[in-house]
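Q: Got a predicted structure here, sequence first:
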Amino acid sequence: AQSTVTLFGVVDIGVSYYETTSKYQNNGTVPATPKPDLQQNQWALSNGGNAGGRVGFRGQEDLGGGLAAGFWLESSMWGDVGTVGRGALYFDRRSTVSLLGPFGELRLGRDYNPTFWNDAVFDPFQTSGSGSSLIVQMLGSAFPTLSLNRGFYARKSNSVGYLLPAGLGGFYGQAMYAFNEVVNSDALLDNPATSNNARTGRYAGGRFGYANGPLDVAVAYGMSTVADNYHYGSTTSVTTANVGASYDFDLVKLFGEYSKVDVKTDFANIGAFPLTPALSPVPDVRTNNFLVGLTIPVGVGLIKASYSQVKGEFSTFTRYGAVPANTPAPKAEKYAIGYVHNLSKRTALYATFALTSNENGAAIPVVNVSSADTGPGYTNTLNSFAPGYRAGRGYGYDFGIRHAF
Amino acid sequence: AQSTVTLFGVVDIGVSYYETTSKYQNNGTVPATPKPDLQQNQWALSNGGNAGGRVGFRGQEDLGGGLAAGFWLESSMWGDVGTVGRGALYFDRRSTVSLLGPFGELRLGRDYNPTFWNDAVFDPFQTSGSGSSLIVQMLGSAFPTLSLNRGFYARKSNSVGYLLPAGLGGFYGQAMYAFNEVVNSDALLDNPATSNNARTGRYAGGRFGYANGPLDVAVAYGMSTVADNYHYGSTTSVTTANVGASYDFDLVKLFGEYSKVDVKTDFANIGAFPLTPALSPVPDVRTNNFLVGLTIPVGVGLIKASYSQVKGEFSTFTRYGAVPANTPAPKAEKYAIGYVHNLSKRTALYATFALTSNENGAAIPVVNVSSADTGPGYTNTLNSFAPGYRAGRGYGYDFGIRHAF
Amino acid sequence: AQSTVTLFGVVDIGVSYYETTSKYQNNGTVPATPKPDLQQNQWALSNGGNAGGRVGFRGQEDLGGGLAAGFWLESSMWGDVGTVGRGALYFDRRSTVSLLGPFGELRLGRDYNPTFWNDAVFDPFQTSGSGSSLIVQMLGSAFPTLSLNRGFYARKSNSVGYLLPAGLGGFYGQAMYAFNEVVNSDALLDNPATSNNARTGRYAGGRFGYANGPLDVAVAYGMSTVADNYHYGSTTSVTTANVGASYDFDLVKLFGEYSKVDVKTDFANIGAFPLTPALSPVPDVRTNNFLVGLTIPVGVGLIKASYSQVKGEFSTFTRYGAVPANTPAPKAEKYAIGYVHNLSKRTALYATFALTSNENGAAIPVVNVSSADTGPGYTNTLNSFAPGYRAGRGYGYDFGIRHAF
């Protein structure tokens, strides 16, 4: 049996420096004594600056008649400290069994979801290190009110996926449905005092693309139910729509992506039940985000650069009234540049520099805090007109070694 | 060194539906208004419907002179979410080093215990999925007062095992002793205020069988000490005795098992010390359990069916007086049928349907709650003559893919 | 890619007995009724009696031009129960990526630190089982006030290491710097109410040696910052200096080591800020430790013996006044003897017996408590002149099987 199993992984470790600056702002409404900028900084041994650290097993078996079976078990791995997986999730990156045939692939288990792929594939830094696109950082967790996304952003457990077969003239595509595995119970459904969440946790989405010669373009759409209350009829969902493309001109390869992500609470039963604080939903928020980037091959090396922007827009009226009218839209921008020096197909040295800038309470640092490290954050007051500190600029750089096996 | 190591595993994931019904019962003692049945149900991506998900390493070294050394490290793996092991136990299924020779095998570490094997080998569904025998479900945890078994039911850490060599004319056998690793301390032993448990955790058992041609038959006996108090002289033990057999008639293979498991508290020192609630032991209970089953090969496929029953009997008098006389014996029954379609030796599609029925406070669903999922339970009142809800029927089905590597 | 990956490990399990005796002491200051000795003992299935249980992956890639890349991922493994790693640290023994060349090796990640090596290499029992040197036991945790060492004693995460190349006429060496990864924050630095620890966690050290023919000798020096307070200017550091040597006379191989480890708190800002209990630093302590040992090959077997001693010396005056003048120096001694019977290069049977003796509040048992087991300790009162129990003798033995793959 062993002959068909591949043991694979990536160990990617670097030395990084991160710094953030928070600025005191008056906002024009109250006279305030100026206060000095506040800085935080950190030197760290960092992980996955060029490619996410991982270790896994995968294999495939030819079943004859064009059929095959496959499995893929892959863990995150933070090489600087030696941790694996995320808490109780060991094969957190992917854990699937597949049946493959002329019809395509049926895939069961924990997997990347369709809406994540455009964020990763059309980012020159492919979600890794200080250069990672702001779209990935925000949806991964570092944006107000969107941390709800965590449960589904990149991957979903308990999923059934279908992938189109190869050989469709360049067209490719996939769809995924993920069970919430909630136990539905007669006794609980109509009790307002109980936390009913029969719809929470579901994900459904799809992606469709075309790759031919230098061109690759894809669209994706998905919806995840992140909170609900059966009694009140409320459902909070995160809807993601994105489109990305790359074109390889040989001398330079261009990348672009546009992404729209909405968090929205619907009320099917609103007439019958007045809202109560017990529901504690989040305000509706819409984000409009985009990225442009390029890579330039230079001998065995590759230069990478990108600009990404995320912008949130709170509904001026929500049923909860939590967000005042005229709240300025939080916005963040990021400039990233990097160089990868390939010593072989599997091994590379790399350097990356990136700069983020935040407005109106957005507070995204150069890298998100990972499960194995704490990084510098901001002193930040979101959406308040009172004077106070707001997240300003952040920057960081990585120098590292990536080795794949 | 690597040449002798085998990396192996099973990824088995399916789509399952589970449902339970609890019924309101009057019990003839108090007039009560009838209440409607309560249902719970769940759709889930399930694991190990055909064979327990796992991943492991094993190997053997020939030492010459008929001697060999071997090791076996095997983890549980829940493919639907990617978790591995059970909490802090990583190689939770098996973790052993062995010395093998003409004398048999000496095996040290964490291993299946002898009394578990008959429950697994003589169950057509081999402990897996919705079809798993009720005996396994009950002893694994889903029966009142027997959840004490958890520490030893299927496996024991800190064990020394001995297995008979092959070539004894069909006879086979094994014995195991597992240390409790309790620190014995002069200062604690005679202090009634201290929790003294110098005997808790020990397991000793053995299994002896005969397999020849179509016949396989085996008996097993074991005892595990699950609680004790040195000062009061009390010891609570779980005693397991079972016998199983299978006979292969080619067209059909028949399976049968009978199992008796007792939880009993003995008092060596009862005259000197009156019992106190501080001891909090459990009532004595005896269970009588059996299974009959069959498998029928159909081309590349295999039909499986089984009926299993577990029945508990509380001692009408226990020293704690916790169980009223004439408490009706809790009882559960299960009917299971399944089909396995082998695409190869390693890969199969399968479907299983099973139905359980509970009486007198037994509350076993179609599958036990695993460490990675929560499933539907019952609304249940055990051993009470007052009106209330009692566990009734439960059913469930699995459709899945099993791939071994 | 797989061809270059080696899966390796050690499964080493044995049966062990441990016993400790604590003695009631009058100390000459107060009349006291004699009390009987207190004993604790334990039978256990033990791990790593001959070599630490582990499982890992490692590999190397030739990059041409004398360059190579390598990785090493290695977990602890407690075979008796099947646990792996240490809590959240999975590849806790080593997790590194390396760039190798004529210049030597640059190694990033979690690794053994330089000061640990002399303790391991020049101990005939190489830190394993009941025979393990007292120096390793004490620094690993079993000595008053030195448990601070835990964070760095054998290994350090977030480290950058450099190793000299081979081929320097027998000279070898390495240096390591480990980041503390503390976030430095303007806002926190000058706040006495905040726990400021901008220097805590750092490690810097090196080792230099000469190995040629029968001789191997090496010195090492390192410093780890284990606590600090920026506001008060205090820094607590552990400084380690050791030297070890072995000489192989063919009939017998001799081993020796001397080690000095100091825990010391410096106060840069002492004039400005009176000390407060809030700082809760530890008293300064200096330890002087040594080991002598030998191994004698006997056919396929190896006899091992060692004597090790650790002795702590509290500063008679510390700024905290916690330790009275004339506090007698805690001291422990250990005698160990063992035999290893090699069945092959990878597989061995072994037996070890060891005896420790403690004075003046030292309380080191024959083996330290591991993360997977609890062992017998002592009833002990350190540094008090009042009558009470003090740790006395402890002994233990192991019989086991070690199999490497």
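A: In hand now; what should we look at? Here the structure is a predicted model, which means the values were calculated and not measured.
Q: residues of the helix or strand hosting residue A:351 that come out buried?
A: Residue A:351 is part of strand A:347-359 when elements are defined by DSSP states H and E. Buried residues in strand A:347-359, counted by 16 or more other CB atoms under 10 Å in any protein chain shown: A:347-358. Every C-beta, even on glycine, is put in place using the N, C-alpha and C of the backbone.
Q: List just the nearest of the residues you listed to chain B.
A: residue A:347 (21.3 Å; CB to the nearest CB).
Q: and the closest one, what is it in contact with?
A: Residues near residue A:347 by CB atoms under 8 Å, 6 or more residues apart in numbering or on different chains: A:401-404, C:61, C:63, C:69.
Q: How about residue A:368?
A: A:137, A:140-142, A:375.
Q: pLDDT below threshold where in the stretch 201-350 of chain A?
A: Of all residues in the stretch 201-350 of chain A, those with pLDDT under 70 make up the ranges A:231, A:268-283, A:315-327.
Q: quick one, strands of it?
A: With DSSP state E, counting those that start in this stretch, the ranges of strands along the stretch 201-350 of chain A come out as A:203-212, A:215-229, A:234-248, A:253-267, A:285-298, A:301-314, A:331-342, A:347-359.
Q: Which stretch among the ones you listed approaches residue B:118 most closely?
A: strand A:203-212 (42.8 Å; CB to CB).
Q: Show me what that closest one packs onto, helices and strands only.
A: helix A:114-121, strand A:171-178, strand A:215-229 (3 or more CB pairs under 8 Å, 6 or more residues apart in numbering or on different chains; DSSP states H and E).
Q: and those as TSV, adding mean neighbour count?
A: Formatted as TSV, these follow (neighbours: other CB atoms under 10 Å in any protein chain shown):
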stretch	mean neighbour count
helix A:114-121	24
strand A:171-178	19
strand A:215-229	21
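Q: Residue A:186 is nearest to which of the ones you listed?
A: Of those, nearest to residue A:186 by CB to CB is strand A:215-229, at 16.7 Å.
Q: Each with direction, which strands does the closest one pair with?
A: When pairing is defined by DSSP bridges, strand A:215-229 lines up against strand A:203-212 (antiparallel), strand A:234-248 (antiparallel).
Q: Adding distance to residue B:177 and mean neighbour count as columns, could you present those strands in JSON lines?
A: Listed next are the strands paired with strand A:215-229 as JSON lines, based on distance: least, CB to CB, whole Å; neighbours: other CB atoms under 10 Å in any protein chain shown:
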{"stretch": "strand A:203-212", "distance to residue B:177": "49", "mean neighbour count": "19"}
{"stretch": "strand A:234-248", "distance to residue B:177": "55", "mean neighbour count": "20"}
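Q: Now render the ones you listed as JSON lines, adding distance to residue B:333.
A: Shown next, in JSON lines, are the strands paired with strand A:215-229 (distance: least, CB to CB, whole Å):
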{"stretch": "strand A:203-212", "distance to residue B:333": "38"}
{"stretch": "strand A:234-248", "distance to residue B:333": "40"}
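Q: then stretch A:71-86 to PDB, C-alphas only?
A: Below are the C-alpha coordinates for stretch A:71-86, written out as PDB (Å, rounded to 0.1, in the frame of the first residue of the first chain):
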ATOM      1  CA  PHE A  71      -6.900  11.000  -0.400                       C
ATOM      2  CA  TRP A  72      -5.200  14.200   0.800                       C
ATOM      3  CA  LEU A  73      -4.200  14.900   4.400                       C
ATOM      4  CA  GLU A  74      -2.400  18.100   5.000                       C
ATOM      5  CA  SER A  75      -1.500  20.000   8.200                       C
ATOM      6  CA  SER A  76      -0.300  23.500   8.800                       C
ATOM      7  CA  MET A  77       3.100  23.600  10.300                       C
ATOM      8  CA  TRP A  78       4.800  26.600  12.100                       C
ATOM      9  CA  GLY A  79       8.400  25.800  11.700                       C
ATOM     10  CA  ASP A  80       9.700  28.500  14.100                       C
ATOM     11  CA  VAL A  81       8.200  26.700  17.100                       C
ATOM     12  CA  GLY A  82       7.200  23.300  15.700                       C
ATOM     13  CA  THR A  83       3.400  23.500  16.100                       C
ATOM     14  CA  VAL A  84       1.200  21.600  13.700                       C
ATOM     15  CA  GLY A  85      -2.500  22.100  12.800                       C
ATOM     16  CA  ARG A  86      -4.800  24.600  14.500                       C
END
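Q: chain center to it, what's the gap?
A: Distance, stretch centre to chain centre, for stretch A:71-86: 18 Å (CA atoms, centre = their mean, to the nearest Å).
Q: likewise stretch A:97-115?
A: Using CA atoms, centre = their mean, the offset of stretch A:97-115 from its chain centre is 21 Å.
Q: Of the contacts of residue A:347, which belong to helices?
A: Among the contacts of residue A:347, DSSP state H puts none in helices.
Q: I'd like those residues as JSON lines, with neighbour count, pLDDT and distance to chain B appended.
A: Converted to JSON lines, the contacts of residue A:347 look like this (neighbours: other CB atoms under 10 Å in any protein chain shown; pLDDT from 0 to 100; distance: CB to the nearest CB, whole Å):
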{"residue": "A:401", "neighbour count": "26", "pLDDT": "98", "distance to chain B": "24"}
{"residue": "A:402", "neighbour count": "27", "pLDDT": "98", "distance to chain B": "24"}
{"residue": "A:403", "neighbour count": "26", "pLDDT": "97", "distance to chain B": "19"}
{"residue": "A:404", "neighbour count": "20", "pLDDT": "97", "distance to chain B": "19"}
{"residue": "C:61", "neighbour count": "20", "pLDDT": "96", "distance to chain B": "16"}
{"residue": "C:63", "neighbour count": "16", "pLDDT": "96", "distance to chain B": "22"}
{"residue": "C:69", "neighbour count": "27", "pLDDT": "97", "distance to chain B": "19"}
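Q: That's all I had, so thanks and see you.
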